[in-house]
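S.K.: Test case, fold it:
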Amino acid sequence: MEKATFAAGCFWGVEESFYDLPGVTAARVGYIGGHLEHPTYQQVCSGSTGHVEAVEVTFDPDTISYEQLLKFFWQAHDPTQLNRQGPDVGSQYRSAIFYHSEEQRRLAEESRDALDASGRYRRSVVTEILPAAPFWEAEEYHQKYHLKNGGGCGF
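M.R.: Model prediction:
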């Protein structure tokens, strides 16, 4: 099994989208990329911790490749929106990929550059590509939020 970590706005919808993909064995929501240890949802939402709402995906590379996860990530959100996705505004909703290996970094950068050059968007892709940092799992009530509650933010 391998891990991949993606941020694309509100983590509820992102998680829901990934955990239904064949080859994804687990998806959990949490916070990554900030300076505070064990941040809470309220702290992250304040925008003061530097964290982003993200989904850590565990996947079987024999069933689904990292390249396929990247393709899905790019298609499922607008990577040209800086510090927002749809109605969610703030740096905690920025588009980002946190890589777990040099191979993931290379593939993420290549796919970002190809998307940017494709002409699909009028604006430049602003997605950050950063080394994976400590991932702080969000509170239990956020895990599989859509399955438990239905609705919420869309992805």
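S.K.: all contacts plus neighbour counts: C-alpha atoms, from now on.
M.R.: Noted.
S.K.: which other residues reach whichever helix or strand residue 30 is part of?
M.R.: Residue 30 is located in strand 24-32, with elements delineated by DSSP states H and E. Contact with strand 24-32 is made by 11-12, 15, 18-19, 39, 44, 51-60, 64, 132-139, 142-144, as judged by C-alpha atoms under 8 Å, 6 or more residues apart in numbering.
S.K.: Narrow these to those in strands?
M.R.: Within the contacts of strand 24-32, residues falling in strands by DSSP state E are 52, 53, 54, 55, 56, 57, 58, 59, 136, 137.
S.K.: how about those residues, which pair is most distant?
M.R.: Greatest spacing in the ones in strands among the contacts of strand 24-32, by C-alpha to C-alpha: 52 and 59 (21.2 Å).
S.K.: Those two: which has the busier surroundings?
M.R.: Comparing residue 52 with residue 59 by other C-alpha atoms under 10 Å, the one with more neighbours is residue 52, at 28 against 24.
S.K.: gap between that one and residue 35?
M.R.: Using C-alpha to C-alpha, to the nearest Å, residue 52 is found at 11 Å from residue 35.
S.K.: coming back round to it: among the ones in strands among the contacts of strand 24-32, pick out the one closest to residue 86, please.
M.R.: Relative to residue 86, the closest of these is residue 53; by C-alpha to C-alpha it sits at 14.4 Å.
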